[in-house]
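*Asks:* Quick one: sequence and predicted model below, then my questions.
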Amino acid sequence: PLPIILWTEKGLVTFLSSAVHHDNKGRYIVEKEGLNFVKYDEKIYQLNTGVTLPPAVLKTKKEMQAWLKDNAALPLDFSITKAVFTMFLVAFLLFFVFFKVARFYKKNGAVAPKGIVSWMEPLVLFVRDDIAEPNIGAKKDRFMPYLLTVFFFILIGNLLGLIPWIGSPNLTGNISVTVTLAMFTLVIQLIFSKKPFWKHIFMPPGVPLALYPILVPIEIAGIFIKPAALLIRLFANMTAGHIIVISLISIIFVKESLAWSGLSVPMALFISTLELLVAFLQAYIFTMLS
């Protein structure tokens, strides 16, 4: 059970998700702080004063939504979902690993790494020498904190997504997460872009003035299309692998025959192994294009 955190007209209301009936039909009331809550269509609604359960005659989704609109309100929902919990777990692992590595070098200086440091040093140098240096140049150190954070956040999120139960849901297969990561890249780009960049956008070099009305809007759209491509690429690739594995395993149950496991299980294992490569590849691509 994870915390459900709601902000209502009476202030903050919290309770565990185990208190909510998971049939998602809006037929089960949770009473808390003198308020009544129901869950419908993956949302928690606060029923108006004096209102009981939705009438059983409401069968369709459209009818239920119309009734809730008149008899309930949507409180602000800050609940800890499985995706948020996974993000906290990734953040904890990032802090734990990076502080451990930093303490090692602070204590021992430039010595041969050992333990977890020997795993991290090649990856950090890879981000610095193969991603930041070729694309940014001399000012790479300014952006290394962000590039390292986004690389390892995506990498750890991708790897956790391959572990049953722990990786449910698939963090980087959640489009809200990839949108947020792409927005960080966009904001950093806009803040640190210099005069030559904006001159290239609004005054494309070597282009006749007559083409400006066509090219300038395309250049402006490109500012937003590039991060959109970032978020879609990461989301689609990480989701696709999981869908393929689920589809392969489902063959056993669709065909209702254990014999199909001789084909579907080895194929699912192959795709899962391939996803290990994709986990590293997508972290690299997102960081490099950022």
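*Replies:* Nice, thanks for sending it over.
*Asks:* in stretch 68-77, what counts as buried?
*Replies:* By neighbour count with 16 or more other C-beta atoms under 10 Å, stretch 68-77 contains the buried residues L68, A72, P75. (Each C-beta comes from the backbone N, C-alpha and C, glycine too.)
*Asks:* closest to N48 among the residues you listed?
*Replies:* A72 (6.2 Å; C-beta to C-beta).
*Asks:* Quick one: the strands in this protein, in order.
*Replies:* Using DSSP state E, the strands of the chain run over residues 3-8, 11-16, 30-32, 35-40, 43-47, 72-73, 76-77.
*Asks:* Please tell me how far the third one is from the chain's geometric centre.
*Replies:* In this case it means strand 30-32. 31 Å (C-alpha atoms, centre = their mean, to the nearest Å).
*Asks:* Please name the strands paired to that strand in the sheet, noting orientation.
*Replies:* Using DSSP bridges, the strands paired with strand 30-32 are strand 35-40 (antiparallel).
*Asks:* got the angle between the strand it pairs with and strand 11-16?
*Replies:* Relative orientation of strand 35-40 versus strand 11-16 (axes from the mean of the first three to the mean of the last three C-alpha atoms, to 10 degrees): 60 degrees.
*Asks:* Contact partners for S250?
*Replies:* Applying C-beta atoms under 8 Å, 6 or more residues apart in numbering to S250 gives no contacts.
*Asks:* With distance to M267 and pLDDT as extra columns, can I get the buried residues of stretch 68-77 in a markdown table?
*Replies:* Putting the buried residues of stretch 68-77 into a markdown table (distance: C-beta to C-beta, whole Å; pLDDT from 0 to 100) gives the following:
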| residue | distance to M267 | pLDDT |
| --- | --- | --- |
| L68 | 44 | 86 |
| A72 | 47 | 89 |
| P75 | 45 | 93 |
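*Asks:* Distance to L274 for these - can I get that in TSV?
*Replies:* Conversion of the buried residues of stretch 68-77 to TSV gives the following (distance: C-beta to C-beta, whole Å):
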residue	distance to L274
L68	44
A72	46
P75	43
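*Asks:* Do you know the pLDDT at G26?
*Replies:* Looking at G26, its pLDDT stands at 69.
*Asks:* Same check on S168?
*Replies:* Confidence score, pLDDT, at S168: 64.
*Asks:* Ramachandran coordinates for the nearest residue to E121 once chain neighbours are set aside?
*Replies:* Leaving aside its chain neighbours, E121 sits nearest to P113 (4.9 Å; criterion: C-beta to C-beta, 6 or more residues apart in numbering). Dihedral pair for P113: phi -70, psi 160, per degrees, to the nearest 10.
*Asks:* can you list the residues that contact stretch 53-66?
*Replies:* Under the contact criterion C-beta under 8 Å, 6+ apart, stretch 53-66 has outside partners G26, R27, Y28, I29, V38, Y40, D41, W67, L68, N71.
*Asks:* try 10 Å this time
*Replies:* 25-29, 36, 38, 40-41, 45, 47, 67-68, 71-72 (C-beta atoms under 10 Å, 6 or more residues apart in numbering).
*Asks:* In it, which residues are buried?
*Replies:* Judged by neighbour count (16+ other C-beta under 10 Å), stretch 53-66 contains these buried residues: P54, L58, M64.
*Asks:* Check the residues you listed for the minimum pLDDT and say which it is.
*Replies:* The lowest pLDDT within the buried residues of stretch 53-66 belongs to L58, with 73.
*Asks:* where's it relative to E42, distance?
*Replies:* According to C-beta to C-beta, to the nearest Å, L58 and E42 sit 18 Å apart.
*Asks:* With M144 instead?
*Replies:* Distance of M144 to E42, given as C-beta to C-beta: 39 Å.
*Asks:* L230 now?
*Replies:* Going from L230 to E42 by C-beta to C-beta gives 27 Å.
*Asks:* sorry, back to before: are any of the contacts of stretch 53-66 buried, and if so which?
*Replies:* The buried subset of the contacts of stretch 53-66 (16+ other C-beta under 10 Å) comprises G26, Y28, I29, N36, V38, Y40, Y45, L47, W67, L68, A72.
*Asks:* what's the most distant pair in the residues you listed?
*Replies:* Checking the buried ones among the contacts of stretch 53-66 with C-beta to C-beta, the most distant pair is Y28 and W67, at 15.6 Å.
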